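Engineer: okay, sequence plus prediction incoming.
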Amino acid sequence: MSSQWIQLQPHDEHNQTLQANVHPADWVNPKPSGDYHLVVIGAGSAGLVTAAGAAGLGARVALVERELMGGDCLNVGCVPSKGVIRAARVAATVRDAERYGVHVPDGVEVDFAKAMQRMRRLRAEISPNDSVKRFTEMGIDVFLGSGVFVNDHTLNVTADDGTISELSFKKAVIASGARASAPPIPGLETVSYLTNENLFSLTELPKRFGIIGSGPIGSEMAQTFARLGSEVFLFERGRHLLPREDPDAAAVVQQHFHQDGVHVLLDAKDVKVSAEEDSSIRIHVTQQGEAKEVVVDQLLVAVGRAANTEGLNLEAAGVTYDDSGVEVNDHLQTTNPRIYAAGDICSKYKFTHAADFQARIVIQNALFAIGPFGRKKANDLVIPWATYTSPEVAHVGMYEKDASDAGIETDTYVQHLSDVDRAILDGQDDGFVKVITKKGTDKILGATIVAEHAGDMISEITLAMTAGIGLSKIGAAIHPYPTQAEAIRKLGDQFSRTRLTPWSQRTLDVLRRWNVGS
Ligand SMILES: Cc1cc2nc3c(=O)[nH]c(=O)nc-3n(C[C@H](O)[C@H](O)[C@H](O)COP(=O)(O)OP(=O)(O)OC[C@H]3O[C@@H](n4cnc5c(N)ncnc54)[C@H](O)[C@@H]3O)c2cc1C
Ligand SMILES: NC(=O)c1ccc[n+]([C@@H]2O[C@H](COP(=O)([O-])OP(=O)(O)OC[C@H]3O[C@@H](n4cnc5c(N)ncnc54)[C@H](O)[C@@H]3O)[C@@H](O)[C@H]2O)c1
């Protein structure tokens with residue numbers, strides 16, 4: 001049986017395995033064992049890391065999950081999306097094979113149902129990591145049910161069968177995450193639409209697929225479904241795709257979307273939807289004053305996230321929150337100093353790895369800091385991210401605009417992949433690496449990479465920023481030839497060339513003449 005919220009469909013062997021790992025139907029909650037050192041609400045990325053880390057360091061921990069252990073990332077987020085993206089990349093490679101001199105016979109087809117089945121199989125294979133069994137074996141008391149604060153030291157958990165467990169705690173962590181926001185799009189309530197919660201249950205490829213929102217979810221899925229064979233219409237109210245990203249990066253991705261056949265409708269205002277008689281969906285928009293209509297078979301709404309604050313009775317615990325989530329200070333403490341928060345519930349960085357590292361801060365601050373000693377700060381984290389379109393767009397640190405808003409003067413170094421041998425040989429030379437530094441120095445403030453594997457490449461720059469390594473040292477590190485990551489090393493060379501002043505040039509001339517004459 002599926003949980004009350006996310007419905008895992010279809011009910012095949014893979015989803016049964018997943019269900020048995022992350023929300024076993026026959027699970028009986030344990031008897032609460034006295035006062036917990038830490039009660040963790042939510043078993044997504046943030047809650048799992050908090051619970052495992054705290055228990056591993058000797059704390060008595062209860063972990064509460066109302067839906068599926070693993071949260072969004074495992075069940076309806078990172079894992080299934082990247083599984084399907086892989087299938088779409090294979091489809092695009094076969095489609096483009098002719099360019100590389102590889103003849104593919106006519107009649108090649110994508111078997112969407114099989115691609116989705118592969119994703120479900122892999123998701124189920126990964127799921128033991130986040131399972132009730134594994135966390136129980138770590139010595140954690142796992143409670144499946146909805147957590148509700150009764151007061152500032154008690155949380156009640158109501159299990160699927162209505163049984164209530166009363167958990168008293170010394171400290172608690174709210175890691176209840178976020179879900180697709182239900183935007184005020186007129187007519188949305190009249191149609192049956194998809195969000196990330198049911199998208200990965202599809203077994204049939206939509207012939208015409210509408211997507212509202214071109215953030216990471218909308219963009220990744222638009223290209224994926226187009227490559228798998230849907231006719232995709234992507235509606236974005238902003239002026240470019242991925243509106244939070246560097247516009248130059250978005251322009252490269254948009255060019256690729258065009259090649260993949262995605263119909264991108266930017267500056268799409270006043271989106272409305274209505275149901276057609278045959279259960280298809282009509283989307284109405286205004287684009288630069290002109291009314292447009294498109295009819296689609298399925299519609300994905302990906303217009304942002306809403307924090308899971310409802311039903312927690314945060315008032316009883318003295319925890320302040322608003323529409324964007326739970327309020328925390330830099331130590332990830334809520335307005336009740338004994339209650340912390342981590343992950344999507346409190347962070348503008350809604351990524352699994354951000355949730356993971358915030359959880360580590362919470363473990364330290366809640367269990368091991370004494371007063372101000374040993375406390376860690378969330379603002380010290382250097383958080384990269386990547387959007388897994390083709391090419392990928394990865395970013396870390398400041399954008400040029402952030403720096404200019406903060407009054408920081410910068411230098412910008414750009415290395416286009418069209419001058420990087422491996423990217424040329426791979427036929428993937430459309431992207432670039434852009435690094436911004438503090439003016440006149442090699443101190444890296446931020447970087448954007450657009451490349452087929454930008455998500456992997458960004459880690460070199462994240463490491464440099466975390467360790468205080470400047471662009472000149474990156475230039476001095478030997479990178480194997482030919483690799484796309486050489487683009488990053490070349491920026492080090494660019495920086496070094498700026499150091500070549502008339503005085504240093506004259507000195508070099510003197511030294512050369514002394515060694516080999518004029
Ligand atoms: C389609 C999609 C693709 C994504 N791809 C990526 C990616 O490639 N890389 C990346 O880094 N990030 C990605 N993300 C974002 C990533 O999934 C989230 O940032 C991450 O899951 C946040 O973890 P969390 O623990 O804060 O919250 P969640 O994963 O949302 O977990 C919170 C858990 O709390 C539970 N809960 C809520 N309220 C209660 C309650 N009252 N009682 C008990 N339990 C409760 C929920 O059921 C949920 O399981 C993606 C997201 C989506 C939607
Ligand atoms: N690769 C990754 O790491 C990854 C992948 C997917 C999701 N995520 C996480 O999940 C979060 C949520 O993603 P998301 O894409 O839903 O949200 P988002 O907030 O990043 O993007 C939503 C987009 O919808 C547009 N929009 C909003 N209302 C609209 C309307 N009425 N008409 C047209 N366009 C409209 C916005 O301008 C914006 O571009 C991301 O911010 C990210 O943190 C990460």
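Structural biologist: Nice, I can see it. Ligands and ions are numbered 1, 2, ... in the order given.

Engineer: residue 55 reaches residue 136, doesn't it?
Structural biologist: No: assessed by C-beta atoms under 8 Å, residue 55 is found out of contact with residue 136, at 10.4 Å. All C-beta spots, glycine's among them, are computed from the backbone N, C-alpha and C.

Engineer: who's more crowded, those two?
Structural biologist: The residue with more neighbours, out of residue 55 and residue 136, is residue 55; 22 against 14, by other C-beta atoms under 10 Å.

Engineer: distance of that one from residue 6?
Structural biologist: In this structure, residue 55 and residue 6 are 26 Å apart, going by C-beta to C-beta, to the nearest Å.

Engineer: roughly how far apart are the residue in the chain that ligand 2 sits nearest to and residue 243?
Structural biologist: Ligand 2 sits closest to residue 215 of the chain, with a gap of 2.1 Å, by C-beta to the nearest ligand atom. Distance of residue 215 to residue 243, given as C-beta to C-beta: 7 Å.

Engineer: next: residue 251.
Structural biologist: On the measure of C-beta to C-beta, residue 251 and residue 243 end up 12 Å apart.

Engineer: what do you get for residue 5?
Structural biologist: For residue 5, the distance to residue 243 - C-beta to C-beta - is 29 Å.

Engineer: could you do residue 112 as well?
Structural biologist: 29 Å.

Engineer: these two: which has the busier surroundings?
Structural biologist: Taking other C-beta under 10 Å, residue 112 and residue 243 do not tie; residue 112 has more neighbours (20 against 15).

Engineer: and the residue lying closest to the more buried one once chain neighbours are set aside, how many neighbours?
Structural biologist: Nearest non-adjacent residue to residue 112, counting by C-beta to C-beta, 6 or more residues apart in numbering: residue 205, 3.8 Å away. Residues near residue 205, counting by other C-beta under 10 Å, number 18.

Engineer: and the residue nearest to residue 251 when sequence neighbours are not counted, which helix or strand is it part of?
Structural biologist: Spatially, and ignoring its direct neighbours in sequence, residue 251 is nearest to residue 240 (6.9 Å; C-beta to C-beta, 6+ apart). Using DSSP states H and E, no element contains residue 240; it sits outside every helix and strand.

Engineer: got the residues of the stretch 201-350 of the chain near ligand 2?
Structural biologist: 212-218, 220, 235-238, 243, 268, 271, 302-305, 350 (C-beta under 6 Å from any ligand atom).

Engineer: which ones are touching the most centrally placed residue in the chain?
Structural biologist: Most central in the chain under C-alpha atoms, centre = their mean is residue 351, positioned 4.0 Å from the mean C-alpha point. By C-beta atoms under 8 Å, 6 or more residues apart in numbering, the contact set of residue 351 is 383, 385.

Engineer: hmm, back to that, let me know the pLDDT of the residue of the chain closest to ligand 2.
Structural biologist: Model confidence at residue 215, expressed as pLDDT, equals 98.

Engineer: so what's it up against?
Structural biologist: So residue 215 contacts 242, 243, 244, 302, 303, 304 (C-beta under 8 Å, 6+ apart).

Engineer: my read: residue 412 touches residue 434, true?
Structural biologist: Yes: applying C-beta under 8 Å as the test, residue 412 and residue 434 come out as touching, 6.5 Å apart.

Engineer: which of these two has more residues huddled nearby?
Structural biologist: residue 434 (22 against 11).

Engineer: just the element for that one, please.
Structural biologist: Going by DSSP H and E, residue 434 is in strand 432-438.

Engineer: partner strands of that strand, parallel or antiparallel?
Structural biologist: Using DSSP bridges, strand 432-438 pairs in its sheet with strand 410-416 (antiparallel), strand 444-451 (antiparallel).

Engineer: mean confidence score for that strand?
Structural biologist: Computed over strand 432-438, the average pLDDT equals 98.

Engineer: re earlier: how far away is the residue nearest to the centre of the chain from ligand 1?
Structural biologist: 3 Å (C-beta to the nearest ligand atom, to the nearest Å).

Engineer: please apply the same query to residue 317.
Structural biologist: Relative to ligand 1, and taking C-beta to the nearest ligand atom, residue 317 is found at 12 Å.

Engineer: can stretch 174-190 be found next to ligand 1?
Structural biologist: Yes: with C-beta under 6 Å from any ligand atom as the criterion, ligand 1 is reached by stretch 174-190 at 175, 176, 177, 178.

Engineer: domain ranges for this protein?
Structural biologist: Domain ranges of the chain: 21-69+131-180+306-380, 81-118, 188-240+247-303, 391-502, per automatic domain parsing.

Engineer: redo these as JSON lines? Include distance to residue 11.
Structural biologist: Formatted as JSON lines, these follow (distance: least, C-beta to C-beta, whole Å):
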{"stretch": "domain 21-69+131-180+306-380", "distance to residue 11": "12"}
{"stretch": "domain 81-118", "distance to residue 11": "13"}
{"stretch": "domain 188-240+247-303", "distance to residue 11": "10"}
{"stretch": "domain 391-502", "distance to residue 11": "33"}
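
Engineer: and of those, who's closest to residue 515?
Structural biologist: Closest to residue 515 of the domains of the chain is domain 391-502 (C-beta to C-beta; 18.6 Å).

Engineer: the closest one: how far from the chain's middle?
Structural biologist: 22 Å (C-alpha atoms, centre = their mean, to the nearest Å).

Engineer: please tell me how far the residue nearest to the centre of the chain sits from residue 101.
Structural biologist: In terms of C-beta to C-beta, residue 351 sits 39 Å off from residue 101.

Engineer: so who does residue 61 touch?
Structural biologist: By C-beta under 8 Å, 6+ apart, the neighbours of residue 61 are 36, 37, 38, 39, 40, 51, 54, 55, 139, 140, 141.

Engineer: in the sheet, who's paired with it?
Structural biologist: residue 38.

Engineer: how near is it to ligand 1?
Structural biologist: Applying C-beta to the nearest ligand atom to residue 61 and ligand 1 gives a distance of 15 Å.

Engineer: tell me who's in contact with residue 496.
Structural biologist: 472, 475.

Engineer: got phi/psi on the closest residue to ligand 1 within the stretch 151-300 of the chain?
Structural biologist: In the stretch 151-300 of the chain, no residue comes nearer to ligand 1 than residue 177, which is 2.1 Å away by C-beta to the nearest ligand atom. When read as degrees, to the nearest 10, the backbone of residue 177 gives phi 70, psi -160.

Engineer: these two touch, right, it and residue 42?
Structural biologist: Yes: in terms of C-beta under 8 Å, residue 177 counts as a neighbour of residue 42; the distance is 5.6 Å.

Engineer: of those two, which one has the most company?
Structural biologist: More neighbours surround residue 42 than the other of residue 177 and residue 42, with 31 against 27 (other C-beta under 10 Å).

Engineer: mind pulling the model confidence for that one?
Structural biologist: pLDDT, residue 42: 98.

Engineer: check contacts around it.
Structural biologist: By C-beta under 8 Å, 6+ apart, the neighbours of residue 42 are 64, 65, 71, 174, 175, 176, 177, 308, 343, 345.

Engineer: just the buried subset of these, written out for PyMOL, thanks.
Structural biologist: Only the buried entries of the contacts of residue 42 go into this PyMOL selection, using 16 or more other C-beta atoms under 10 Å:
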select buried, resi 64+65+71+174+175+176+177+308+343+345
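
Engineer: any chance of the contacts of residue 42 in JSON lines with pLDDT and secondary structure as columns?
Structural biologist: Formatted as JSON lines, those follow (pLDDT from 0 to 100; DSSP: H, G, I helix; E, B strand; the rest coil):
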{"residue": "64", "pLDDT": "98", "secondary structure": "strand"}
{"residue": "65", "pLDDT": "98", "secondary structure": "strand"}
{"residue": "71", "pLDDT": "98", "secondary structure": "helix"}
{"residue": "174", "pLDDT": "98", "secondary structure": "strand"}
{"residue": "175", "pLDDT": "98", "secondary structure": "coil"}
{"residue": "176", "pLDDT": "98", "secondary structure": "coil"}
{"residue": "177", "pLDDT": "98", "secondary structure": "coil"}
{"residue": "308", "pLDDT": "98", "secondary structure": "coil"}
{"residue": "343", "pLDDT": "98", "secondary structure": "helix"}
{"residue": "345", "pLDDT": "98", "secondary structure": "helix"}
